[in-house]
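Chemist: Curious how this folds, go ahead:
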Amino acid sequence: GTHVPGRLLSMPQEHTLFGGGGSLEIVEGLKLEGEVAASRFDLNRLSGLGDDNDQGIAARGDVVAEPRLRLGGKNLGRLELRAGMRRQDEKFVPVARIDSPLYNEDWGLSIERKLTGRETRQLSMGYHPSPRLQFGGERAWLNSPDGYRADRWHTLAELTGTLSQRLRIDRVNSHDDSVAVAGRASGYRNKLMYAGSWRASALFEPSFTLDYEDRVPPGVLAQAVRYRAWETGLRGARGAFRWSGGYEFRRDFGRAQSFWFLKQTARTVRIETQANLKSGLALTVGASRRRTEFVSGAMMRSDNGFARLRQGGRSGKLRQDASFEWTAEAMPRRLREVVFVGEGAGLYDSLGSFRSGGSYDLRLSEDPGSLDNLTRTVFSYRGVWQPGLTASGRPSGSWWRDLRSTSTLQSSSSTRGAISAGDLFALPHRIENDPSVVLGSFLLRQEFEHVSRRPVELYLRVEYCMGADRRVETFSQLQESWSEEARFRWR
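Modeler: Take a look at the predicted model:
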């Protein structure tokens, strides 16, 4: 033949980052803030090619003023004024993520759009007439060397106290030169959010939330988003008991050309209760149901619930956590078929066995008209035993004061049909032999650790793991493994 099996070896890389910052208060209520960082990211230390082009710089600077307003000796509140600029060139590579998780959404970017470099300018003002009331606004601009620019407005009003209210209004206008050839290079984002609650008493606290958003990123019409959602809730507490519940209504829309069309409507009901007992036990139980109606007439229902139990505290020798979760959902049935692709053009024979130069291939397909009603349950337990702790939580001074034993048990299963008592905890025998278990796993781990100020440290671990996969109609897979680990350290 002309080819041999192989793989690419990973190249040795080097990533270096230097940075620093400072703050200077010129007068009371006026200060300057700044920060600068430089990075060097060498993708291949074995080669000098491109080493002169792997350095980048990022910097930010802010001017902050917080004057207090007075008129005739009367306090009128406090202002917050901020002007800032941030710059990051294309070659700067941070060690960790520096952008917020909603960065693309806040600036009207599509999900897959990545900015290599950027420059942002920001002007903001906040007014606090009293400790319970504040108003604020922001104007920001974003420019990227690869052709993306955006203009953002942000407004906020908030009231805290017995009657709490929060109003947020956002507007983003964006333009992307990189998709101008495709036709639609401009986009926008509008968002309105309101949240209010009334703390009438500890037993009765109603709340209401309204969330509207339109988001059309440049160039990617399929990622245009519009939804209209509102939620009402009620919560309360008495002694060691707390409870909450709510109802949510949401409509999602898609966009075609220049108009919106309804895609689906969802309704969700939830309830949760919690009890913290003096004996060190804490129990939390909750459940929810979501019903989704599609424009096509199809309907989907998803139920889930959970129960969590915690025992012990920092002063206890034994600390235990146990939880149980279940979810009911529907998914298309999967099929695994052996398909003839031509003499010598495949990798399998007619029985589905791997064979170099075979005439068949395996194809996975889904049948959207045939849905499997699956019930997924997850049980987990973790216990930590430290026999050397006294009742006050301090080491007893004995040789076993630094001994710790940790037991972990996890079991999960996805079965066809409604939930049953046997689904609460799936044992390995059932996961292996029950064909109704579509997807299952079991994990048992025992750890012993002895770490002290003495020169000797010891760690032992024994773990059993198994799993089964029957999601494909004509195919099943079973895995089982044992692993042991022992570490001994003398220092």
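Chemist: List the contacts of residue 186.
Modeler: Taking CB atoms under 8 Å, 6 or more residues apart in numbering, we find residue 186 in contact with 173, 174, 175, 218. Just so you know, the C-beta spots here come from the backbone N, C-alpha and C atoms, and that holds for glycine as well.
Chemist: For the second one, list the residues it contacts.
Modeler: Okay, so that is residue 174. 107-109, 148-151, 186-189, 217-218.
Chemist: where's residue 262 relative to residue 256, distance?
Modeler: From residue 262 over to residue 256 the distance is 12 Å, taken as CB to CB, to the nearest Å.
Chemist: Which secondary structure elements does the strand or helix carrying residue 414 sit against?
Modeler: Secondary structure assignment for residue 414, by DSSP states H and E: strand 403-416. When contacts are defined as 3 or more CB pairs under 8 Å, 6 or more residues apart in numbering; DSSP states H and E, strand 403-416 sits against strand 360-385, strand 437-450.
Chemist: can I get these in JSON lines with distance to residue 232, mean pLDDT and mean neighbour count?
Modeler: Output for these, formatted as JSON lines (distance: least, CB to CB, whole Å; pLDDT from 0 to 100; neighbours: other CB atoms under 10 Å):
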{"stretch": "strand 360-385", "distance to residue 232": "29", "mean pLDDT": "77", "mean neighbour count": "15"}
{"stretch": "strand 437-450", "distance to residue 232": "36", "mean pLDDT": "91", "mean neighbour count": "18"}
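Chemist: a markdown table for the ones you listed, including distance to residue 101?
Modeler: Shown next, in a markdown table, are the helices and strands packed on strand 403-416 (distance: least, CB to CB, whole Å):
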| stretch | distance to residue 101 |
| --- | --- |
| strand 360-385 | 25 |
| strand 437-450 | 29 |
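Chemist: To what extent is residue 346 buried, counted in neighbours?
Modeler: Using other CB atoms under 10 Å, residue 346 is surrounded by 20 other residues.
Chemist: Counting neighbours, which of the contacts of residue 174 end up buried?
Modeler: The neighbour-count criterion (16 or more other CB atoms under 10 Å) marks 107, 108, 109, 148, 149, 150, 151, 187, 188, 189, 217, 218 among those as buried.
Chemist: quick one: which of the residues you listed sit in strands?
Modeler: Among the buried ones among the contacts of residue 174, the ones falling in strands (DSSP state E) are 148, 149, 150, 151, 187, 188, 189.
Chemist: where does residue 418 sit relative to residue 412, distance-wise?
Modeler: Residue 418 is 17 Å from residue 412, by CB to CB.
Chemist: Likewise for residue 379?
Modeler: Distance of residue 379 to residue 412, computed by CB to CB: 7 Å.
Chemist: Pull up the overlap in contacts between these two.
Modeler: residue 426.
Chemist: nearest to residue 384, of the contacts of residue 186?
Modeler: The shortest approach to residue 384 among those belongs to residue 174, at 50.6 Å (CB to CB).
Chemist: which SSE is the residue nearest to the spatial centre of the chain in?
Modeler: The centre of the chain sits closest to residue 101, judged by CA atoms, centre = their mean, with a distance of 8.8 Å. Assessed by DSSP H and E, residue 101 sits outside every helix and strand.
Chemist: what pLDDT does it get?
Modeler: On pLDDT, residue 101 comes in at 83.
Chemist: Would you mind measuring from it to residue 217?
Modeler: 17 Å.
Chemist: Please enumerate the helices of this protein.
Modeler: Counting by DSSP state H, one finds helices in the chain at the ranges 103-106, 428-433.
Chemist: and those helices, which is most packed in?
Modeler: For the helices of the chain, the largest average neighbour count (mean count of other CB atoms under 10 Å) is found in helix 103-106, namely a mean of 17.
Chemist: mind checking how far it is from the chain centre?
Modeler: Mean C-alpha position of helix 103-106 versus that of the full chain (CA atoms, centre = their mean, to the nearest Å) differs by 15 Å.
Chemist: Stretch 174-192 too?
Modeler: Computed by CA atoms, centre = their mean, the chain-centroid distance of stretch 174-192 equals 27 Å.
Chemist: can you pull the buried residues of that stretch?
Modeler: Buried-residue list, stretch 174-192, by 16+ other CB under 10 Å: 174, 175, 176, 179, 184, 185, 187, 188, 189, 191.
Chemist: residues contacting the residue lying closest to residue 341 once chain neighbours are set aside?
Modeler: Take residue 341 and drop its neighbours on the chain: the residue closest to it by CB to CB, 6 or more residues apart in numbering is residue 361, 5.0 Å away. Residues counted as contacts of residue 361 (CB under 8 Å, 6+ apart) are 338, 339, 341, 346, 347, 348.
Chemist: now do 6 Å
Modeler: By CB atoms under 6 Å, 6 or more residues apart in numbering, the residues touching residue 361 are 339, 341, 346.
Chemist: Can you give me the distance of it to residue 345?
Modeler: Counting by CB to CB, the gap from residue 361 to residue 345 is 8 Å.
Chemist: again with residue 164
Modeler: Separation of residue 164 from residue 345 (CB to CB): 67 Å.
Chemist: more neighbours, those two?
Modeler: Per other CB under 10 Å, whichever of residue 164 and residue 345 has more neighbours is residue 164, with 16 against 12.
Chemist: Residue 198 is in contact with that one, correct?
Modeler: No: with contact taken as CB atoms under 6 Å, residue 164 and residue 198 are classed as non-touching, separated by 7.8 Å.
Chemist: returning to what we had before: need the helices of the chain in CSV (columns: distance to residue 442).
Modeler: Formatted as CSV, the helices of the chain follow (distance: least, CB to CB, whole Å):
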stretch, distance to residue 442
helix 103-106, 39
helix 428-433, 5
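Chemist: Could you point out which of those sits nearest residue 297?
Modeler: Judging the helices of the chain by CB to CB, what sits closest to residue 297 is helix 103-106, at 31.4 Å.
Chemist: Brilliant, that's me finished.
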